[in-house]
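> Quick one: sequence plus predicted model below, questions after.
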Amino acid sequence: MFFSHFDGFAAGNPTNSVDSVNRLGEVVVSARRRPLATVQDLAGAELQALSSTSIADALKYFAGVQIKDYGGLGGLKTINVRSLGAQHVGVYIDGIRITNAQNGTVDLGKFSLSTLESVSLYNANKLDRCQSASEFASGATVYLRTRRPTVDSLSVLGAIGSFHTYKGRVTAQINRNGWAGFLDGEYLKSKGDYRFRYKSQYEDTVGVRRNSDIEYYRVEGALFKDGFSSHLYCYVSERGVPGGIVRRLSDKYVNVGREWDVDWFGQASWTHRFSKSHQVLFNAKYTQEYLRYCTDYPENQNTARVNNHYWQKDVYASASYSFTPWRWMSLNVGYDARHSWLEADLRNFHTVRRLDQKAVVALQSEYRGFRLAASMLYQHYRDHTRTHAGAADPLSRFTPSVTLGYSVKGFSFRAWYKKIFRAPTLNDLYYTQVGNRNLKPEYTRQFDLGAEYHYNTSRWSVSAQVDGYINSIDNRIVCLPLKGTYSWSMMNYGETYCRGLNSTVSGRFSPGNWTFSFLSSITWQRDLNRTDSSDPDTYNKPICYSPTFSCGLTGIVGWKWLTLSVSNLHVGKRMWSYADPEDVLKPYNNIDLKLTGTSRLFSASLEINDLLDEQYEHVPRYPMPGRSFTFSLSLYMK
C-alpha cells in the first residue's frame, strides 16, 4: 500500500515569479499489490449488501467452502475448506487467532458482521512481511478485519423476523485526536419453531422444529491508534440443542438438551516500523470460556442424562520481527506461546494444561515480476495432567511451505506447496472413556497451481481467478466404536485424497447513479477415501458430506439510496453414509434476496432467505429453516 499527499500546488513562469497559488484539499492515492497467496474476500458495500448476519453466512459464498450447519439460529456452524476439516481452518480477528483447545473448532454463528470491514479466506496462509508464527500453522485461514470508525456516530437497530425472532443493536463510534473506537451491543431472541417436512422411503411427515430456540447477548468494543489495536468481546447465550428430527416424528416427547455459553476475550496488538528495513509486531490475548450442557430433566426418558460443565482459559503472546535489507527481499522471524487450561466436572476427569509454542522463519523476495515466499515452522506441544494414565507424549514437528509467483500487466500466476499438521485436541486425548493418549498428529499436504487477472478503470472493474489443487490427509483422527456399540474411542484411521478446481469471477460497473456488481464462484472437487484398499465398499469412494459440484452467483444493483442483492447458492448431492449408496443428501438451491434503502438519518432493509422454500439439510435429519423474512430499521445520529 502506498500513499501520496499533496497539501498545495504552485505554478510559476520561467523567471520563477509566482503568478498564482491554488490551494487544493488533501488527495490520497492508494493501490494494493496483488497478494501472492490464494485469497478471496468480501468488503465494504458488497459485504453489507449480502443477505447474511453471521460470518458463516458470508463465507458460504466463497469457492471451496463447505459450511456445516446443524439447523436453526442456535445450531453449531463450522467451516470446512477444500475438505481439510474444521480443525485445519484458523479464524483470526485483526491478526490474532480465535482458539479452542478443547475441540479445535470455532462456532462461526457467534460472530456478527456488524463490526467488520472485510472477511477474507486464504488457502494456506496470508503472506505479509511481518506476521505471527500462528498464522503459518493452519491449512486455511479466515481473516476478519474490524472496521475503524472515521467519524463520531450513534446508531440503533431493531429487527423482527420469522419464527418469533427479535433483535436489537446499539453501536457507538468515536474518532478523536487520532484515536478511533466503537462499542457494539446486540441482543437476539428466537423460538426457532419453524415447520419442516421429512420424506424418505418409509416416512413422509410435516412437523415443527422443537427446542431450537436461542437467546444471546453480545458486546464488543475496540480501540485503535496508528499501529495499536485492541478488541474486547463478550458473548452470553442459552440455546436448545434440538437433535435429529427422528426423535420427534411421533411427538411423544421432545429433545430437552440445553446449552449455556459465557465466552469472552480481550486482545491487543502493536506494530511499529522503525525504518524502511525494520518492523516489529507484538500480540497478546486472554480468553475465558464456560460451557454447560444439560439433559438431566424428568422429561428425558430416552437418552443418557448429563449435566456437564466445562471451563477453558487461554493466555497467548507473540513477537515478530521483519528485516528488509534490500527492496527485493525481506526476512520474518516470529515466536508464539499459548498456555491453555481445561477443567470439567466429568467423572475421572482431571484438569489438563497445554503449552503450545511455535516459531517461524519466513523469506519473501521479488524481482522483476518474479516472487518467492518460503517458510519453516516449528511447533511444540506439551500437556500436563494428574490422571493415572498420565499425559500424552510431547509433540514436536517442523513443517515447510513455499510459494512461487509471476506477475505481468494484469495477470498473476502462482504455485505453492504446504505441509502442515493439527495436533490432537484435548477432547481427542483426554475425554472420559473416549480419549486416546497415543494419537498421532493429522498431516495434510497441499499443492496448488493458480492464475489471476485484474482490470480496473474509473467506471468499471473485473477480476477472475482459477486454482487447481491436490490435497492429501494422513492419520485422520476419527471416533469409532472399537469396544462395542456404546463404547467409542478416538484413533488414527484414514487417508483421503482430494483434487479440485476453484474459480471466481467478479465485476463492478458504475454508470451515473447506478452501480452493478456481480460475484460468482465455482467449485469442482473430488474427495476420495484411500484408507483401506481391501475394502471395496469404501476404498476410492467419495468422502461423506463432500459435494462434487457447487457454485454461487450474486448480483447487486444500486441506485442512489436503494440497493438490491440477489444470490443463489447451488450445492450438489452428497453421500452421508457408506452403508447404502442411496444414502445421499439431495442437491439444493438456496436463493436469498435483500432490499435496502439508506438515507443520512436511517436505513431499512427487507431480507428473504431461501426464497423458494427448499427443504434441504447440511446434516441428515437436521433440516434447515426454509423460507424466512427479516425486517430491520436503523437510525443514525452523527
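Perfect, thanks for sending it.
> Surely S320 is in contact with C130?
Yes. Counting by Cβ atoms under 8 Å, S320 touches C130, with 5.4 Å between them. All C-beta atoms are positioned from the backbone trio N, CA, C, and that covers glycine.
> spatially speaking, which residue is in the middle of this structure?
The geometric centre of the chain, computed from its C-alpha atoms, lies nearest to V142 (Cα atoms, centre = their mean), at 4.6 Å.
> What pLDDT does the model give that one?
On the pLDDT scale, V142 is placed at 94.
> So for the residue nearest to it when sequence neighbours are not counted, what's the pLDDT?
Closest residue to V142 apart from its sequence neighbours, by Cβ to Cβ, 6 or more residues apart in numbering: V91 at 4.6 Å. On pLDDT, V91 comes in at 94.
> Contacts only, for V91.
55, 79, 97-98, 106, 108, 141-142, 144 (Cβ atoms under 8 Å, 6 or more residues apart in numbering).
> Quick check: bridge partners of Y286?
G266, V315 (DSSP bridges).
> So what's the residue count around it?
Look at Y286: counted by other Cβ atoms under 10 Å, it has 14 neighbours.
> Which residues are in contact with it?
Counted by Cβ under 8 Å, 6+ apart, Y286 has contacts 265-267, 313-316.
> could you flag which of the residues you listed are buried?
Taking 16 or more other Cβ atoms under 10 Å as the criterion, what is buried in these is 265, 267, 313-314, 316.
> quick one: which two of those residues are the most distant?
By the measure Cβ to Cβ, Q267 and K313 form the most distant pair in those, at 14.3 Å.
> And L519, how far from A43?
Noted for L519: a distance of 12 Å to A43, by Cβ to Cβ, to the nearest Å.
> Which one's more surrounded, the two?
Using other Cβ under 10 Å, the more surrounded residue of L519 and A43 is L519, with 22 against 14.
> Any chance you could give me whatever helix or strand L331 lives in in PDB, C-alpha atoms only?
Assignment of secondary structure by DSSP states H and E places L331 within strand 329-344. This file holds the C-alpha atoms of strand 329-344, laid out as PDB (Å, rounded to 0.1, in the frame of the first residue of the first chain):
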ATOM      1  CA  MET A 329      13.900  -9.200  -0.100                       C
ATOM      2  CA  SER A 330      12.600  -9.400   3.500                       C
ATOM      3  CA  LEU A 331      13.100 -11.800   6.400                       C
ATOM      4  CA  ASN A 332      10.500 -12.500   9.000                       C
ATOM      5  CA  VAL A 333      11.000 -14.400  12.300                       C
ATOM      6  CA  GLY A 334       8.400 -15.000  15.000                       C
ATOM      7  CA  TYR A 335       7.700 -16.800  18.200                       C
ATOM      8  CA  ASP A 336       4.300 -17.600  19.800                       C
ATOM      9  CA  ALA A 337       3.400 -19.100  23.100                       C
ATOM     10  CA  ARG A 338      -0.100 -20.200  24.200                       C
ATOM     11  CA  HIS A 339      -1.000 -21.800  27.600                       C
ATOM     12  CA  SER A 340      -4.400 -23.400  27.800                       C
ATOM     13  CA  TRP A 341      -6.300 -24.900  30.800                       C
ATOM     14  CA  LEU A 342      -9.300 -27.200  30.500                       C
ATOM     15  CA  GLU A 343     -11.400 -28.100  33.600                       C
ATOM     16  CA  ALA A 344     -14.600 -30.200  33.700                       C
END
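> Could you spell out the sheet neighbours of that strand, each with its direction?
Looking at strand 329-344 with DSSP bridges, its partner strands are strand 307-326 (antiparallel), strand 352-367 (antiparallel).
> Low-confidence ranges, this protein, go.
1-34, 51-52, 70-75, 200-201, 246-255, 298-303, 388, 432-434, 480-489, 579-581 (pLDDT under 70).
> Swap in 50 and give it another go.
The chain contains residues with pLDDT under 50 at 1-32, 247-253, 483-487.
> re earlier: neighbour count: S320 and C130, which is higher?
S320 (25 against 21).
> distance of that one from R414?
24 Å.
> So what sits opposite the residue nearest to Q615 when sequence neighbours are not counted in the bridge?
Nearest-residue entry for Q615: R197, 5.4 Å, with adjacent residues in sequence omitted and distances by Cβ to Cβ, 6+ apart. R197 has these beta-bridge partners by DSSP bridges: V206.
> shouldn't R197 be in contact with E614?
No. At 10.8 Å, R197 does not count as touching E614 under the criterion of Cβ under 8 Å.
> Which residue of these two possesses the greater neighbour count?
Using other Cβ under 10 Å, the more surrounded residue of R197 and E614 is E614, with 15 against 11.
> Quick check: closest non-adjacent residue to the more buried one.
Y588 is the one closest to E614 (Cβ to Cβ, 6+ apart), at 5.0 Å.
> With T563 instead?
Closest residue to T563 apart from its sequence neighbours, by Cβ to Cβ, 6+ apart: T596 at 4.6 Å.
> hang on, the earlier thing: what kind of secondary structure is the residue nearest to V142 in?
strand (DSSP: H, G, I helix; E, B strand; the rest coil).
> Tell me how far it lies from A284.
V91 is 18 Å from A284, where distance means Cβ to Cβ.
> circling back to that earlier point, could I get the buried ones among the contacts of Y286 as a markdown table with distance to Q288?
Below are those laid out as a markdown table (distance: Cβ to Cβ, whole Å):
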| residue | distance to Q288 |
| --- | --- |
| F265 | 7 |
| Q267 | 12 |
| K313 | 5 |
| D314 | 8 |
| Y316 | 12 |
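> Return the member of those nearest to D226.
For the buried ones among the contacts of Y286, the closest approach to D226 (Cβ to Cβ) belongs to Q267, at 17.2 Å.
> So that closest one is in contact with H231, correct?
Yes. With contacts counted by Cβ under 8 Å, Q267 reaches H231, the gap being 5.1 Å.
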